[in-house]
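**Q** curious how this folds, go ahead:
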Amino acid sequence: MRVNIQWRLANRPKGMVQETDFAYHETAVPEPHDGQFLVRNLSIAFEPAMRGRIRDRPSYIAPLQIGDVMEASCVGQVVASRHPSF
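**A** Modelled structure (predicted):
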């Protein structure tokens, strides 16, 4: 079984970001359906812009909500595909 490892926002940081502001979570990875593909992340970018996403204030992009999976740019490899272009 493939495992999807996630870091979810657990708290809005007050001051410096702490490990307790995030919660580790694992879920099963479903097989792709028609028109979908599965990507294995090989490298994840941790960027200053992520700080803006964990604050609850208006910005050019909506803030993450408590419980949301942290989002980041990544480089990945297609490991399963049911999409004709991938």
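**Q** how about the helices in this protein?
**A** 49-53 (DSSP state H).
**Q** neighbours of Arg57, how many?
**A** 6 (other C-beta atoms under 10 Å). Just so you know, the C-beta spots here come from the backbone N, C-alpha and C atoms, and that holds for glycine as well.
**Q** for it, which non-adjacent residue is spatially closest?
**A** Leaving out its chain neighbours, the residue that sits closest to Arg57 by C-beta to C-beta, 6 or more residues apart in numbering is Pro63, at 6.7 Å.
**Q** can you pull the contacts of the one you found?
**A** Pro63 makes contact with 52-57 under the criterion C-beta atoms under 8 Å, 6 or more residues apart in numbering.
**Q** dihedrals phi and psi, it?
**A** phi -70, psi 150 (degrees, to the nearest 10).
**Q** if we can go back for a sec, buried ones among the contacts of Pro63?
**A** 53-54 (16 or more other C-beta atoms under 10 Å).
**Q** closest to Ala10 out of the contacts of Pro63?
**A** Ile54 (10.2 Å; C-beta to C-beta).
**Q** that closest one and Trp7: what is the separation?
**A** 11 Å (C-beta to C-beta, to the nearest Å).
**Q** now do the shared contacts for those two.
**A** Met70.
**Q** hmm, back to that, could the contacts of Pro63 be laid out in JSON lines, adding distance to Phe86?
**A** Shown next, in JSON lines, are the contacts of Pro63 (distance: C-beta to C-beta, whole Å):
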{"residue": "Gly52", "distance to Phe86": "31"}
{"residue": "Arg53", "distance to Phe86": "27"}
{"residue": "Ile54", "distance to Phe86": "31"}
{"residue": "Arg55", "distance to Phe86": "34"}
{"residue": "Asp56", "distance to Phe86": "35"}
{"residue": "Arg57", "distance to Phe86": "36"}
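**Q** nearest to Leu38 among the contacts of Pro63?
**A** Arg53 (24.4 Å).
**Q** having no further points to raise, I will conclude here.
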